[in-house]
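[1] No sequence on hand, only this structure:
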Ligand SMILES: Nc1ncnc2c1ncn2[C@@H]1O[C@H](COP(=O)(O)OP(=O)(O)OP(=O)(O)O)[C@@H](O)[C@H]1O
């Protein structure tokens with residue numbers, strides 16, 4: 001694991017003085033000819049084939065597509081959790097071969113440690129990386145995600161939305177240049193989900209991490225992203241790149257705009273074609 005420098009945050013410092021990694025302002029991701037094949041009982045399952053892409057530092061990119069098109073697999077390759085069968089991925093020019101602190105990861109199923117309080121969960125990463133004041137950094141993050149006062153709470157006592165906010169705070173606590181999010185709001189009700197999307201955009205405007213965000217939800221992808229990589233099936237890959245040219249800051253009102261509707265319609269057609277391909281191939285599982 002690459003060791004990061006140990007910054008010295010003060011608990012009263014503003015966000016801009018949170019622990020800074022040497023990669024601050026970077027976070028460029030490049031995938032080249034990525035292929036991932038899993039061995040299964042039925043034989044070889046090619047989840048991704050010859051996928052190449054680039055994400056700019058500080059960019060917000062969504063991976064969108066039907067079930068089984070390889071969104072999570074692609075995210076896990078960037079995270080260093082899955083090793084590609086062919087090709088490579090690099091962050092700021094350095095090949096990814098294992099999970100590293102440069103990448104914060106947030107999953108749909110919040111992976112908080114149930115035996116730790118909220119504060120301890122968020123302070124864990126900074127502690128592991130030897131930050132000078134992990135508890136101070138964690139408290140500051142909890143204030144930022146609106147959970148001041150919940151430091152001593154246990155994860156099991158929190159709502160789904162609160163747990164996800166703790167998960168995001170935990171991922172951001174080491175100030176990673178790259179934040180990878182796999183359907184982080186997928187289990188939330190529609191209202192909470194919409195509020196979390198707005199909160200995420202506010203956080204992103206402060207942290208400037210590169211974000212790669214997996215979702216099934218077309219509106220969520222458009223609302224959040226600079227660019228959407230619409231994925232395809234059989235084999236998994238990137239079918240088309242859509243630039244979301246809707247100005248920021250974005251509020252819920254943009255969803256009714258003509259620009260939003262136009263992009264939604266274009267993506268809807270692409271996803272429908274890909275989903276029909278899965279149905280015709282007899283691979284629809286209903287998941
Ligand atoms: N660990 C694994 N072992 C075997 N096959 C896998 C594994 N992980 C993923 N797959 C297969 O790879 C393909 C892509 O899966 P992946 O989870 O990346 O798709 P996805 O687009 O994220 O799907 P969903 O939206 O349903 O989560 C699927 O056919 C899946 O069954």
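    Yep, that arrived. Here the structure is a predicted model, which is why all the values come from computation and not from measurement.
[2] Going by C-alpha atoms from here, please, whenever you check contacts or count neighbours.
    Noted.
[3] can you map out the strands along the chain?
    Counting by DSSP state E, the chain has strands at residues 29-40, 43-55, 60-64, 86-91, 94-95, 103-107, 178-182, 210-215, 227-232, 237-243.
[4] Any idea which of those gets closest to residue 251?
    Residue 251 lies closest, by CA to CA, to one member of those: strand 60-64, at 16.1 Å.
[5] list the contacts for the residue nearest to residue 197 when sequence neighbours are not counted?
    Excluding the flanking residues, the one nearest residue 197 by CA to CA, 6 or more residues apart in numbering is residue 224, at 7.1 Å. Residue 224 sits next to 60, 62, 197, 201 when contact means CA atoms under 8 Å, 6 or more residues apart in numbering.
[6] Where neighbours are concerned, which of these has the most?
    Counting by other CA atoms under 10 Å, residue 62 has the largest number of neighbours within the contacts of residue 224, with 28 neighbours.
[7] Quick one: the strands of the chain as TSV, columns for mean pLDDT and distance to the ligand too.
    Converted to TSV, the strands of the chain look like this (pLDDT from 0 to 100; distance: least, CA to the nearest ligand atom, whole Å):
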stretch	mean pLDDT	distance to the ligand
strand 29-40	94	5
strand 43-55	93	4
strand 60-64	97	8
strand 86-91	97	15
strand 94-95	95	21
strand 103-107	91	11
strand 178-182	96	8
strand 210-215	97	7
strand 227-232	96	8
strand 237-243	96	10
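[8] Pipe those into TSV and attach distance to residue 168 per row.
    TSV is the format used below for the strands of the chain (distance: least, CA to CA, whole Å):
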stretch	distance to residue 168
strand 29-40	20
strand 43-55	21
strand 60-64	15
strand 86-91	21
strand 94-95	25
strand 103-107	6
strand 178-182	9
strand 210-215	12
strand 227-232	21
strand 237-243	25
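[9] right, so of these, which gets closest to residue 166?
    Of all the strands of the chain, strand 103-107 sits nearest to residue 166, with 10.0 Å by CA to CA.
[10] What is the closest one packed up against?
    Applying 3 or more CA pairs under 8 Å, 6 or more residues apart in numbering; DSSP states H and E, we find strand 103-107 packed against helix 160-172, strand 178-182.
[11] Least confident of those, on average?
    Within the helices and strands packed on strand 103-107, the stretch with the lowest mean pLDDT is helix 160-172, showing a mean of 91.
[12] in the stretch 51-200 of the chain, which spans are helices?
    In the stretch 51-200 of the chain, the helices defined using DSSP state H, counting those that start in this stretch lie at 71-79, 118-128, 134-144, 160-172, 190-207.
[13] I would like the residues contacting stretch 252-272, please.
    Contacts with stretch 252-272, where a contact means CA under 8 Å, 6+ apart, come from 65-66, 218-219, 222-223, 230, 244-246.
[14] Mark which of these are buried, thanks.
    65-66, 218, 222-223, 230, 244, 246 (16 or more other CA atoms under 10 Å).
[15] would CSV of those residues with distance to residue 102 be doable?
    What follows is the buried ones among the contacts of stretch 252-272, written out as CSV (distance: CA to CA, whole Å):
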residue, distance to residue 102
65, 26
66, 28
218, 28
222, 26
223, 26
230, 25
244, 26
246, 29
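[16] Get me the contact residues on this structure for the ligand.
    38, 40, 47, 66-73 (CA under 6 Å from any ligand atom).
[17] Which strand residues bridge the residue most central in space within the chain?
    When CA atoms, centre = their mean is applied to the chain, the residue found nearest the centroid is residue 181 (1.9 Å). Beta-bridge pairing for residue 181 (DSSP bridges): residue 106, residue 213.
[18] List the residues that contact it.
    Contact analysis of residue 181 by CA under 8 Å, 6+ apart lists 105-107, 211-214.
[19] which of those sit farthest apart?
    107 and 211 (13.2 Å).
[20] out of those two, which sits in the busier spot?
    Higher neighbour count among residue 107 and residue 211: residue 211, with 26 against 18, using other CA under 10 Å.
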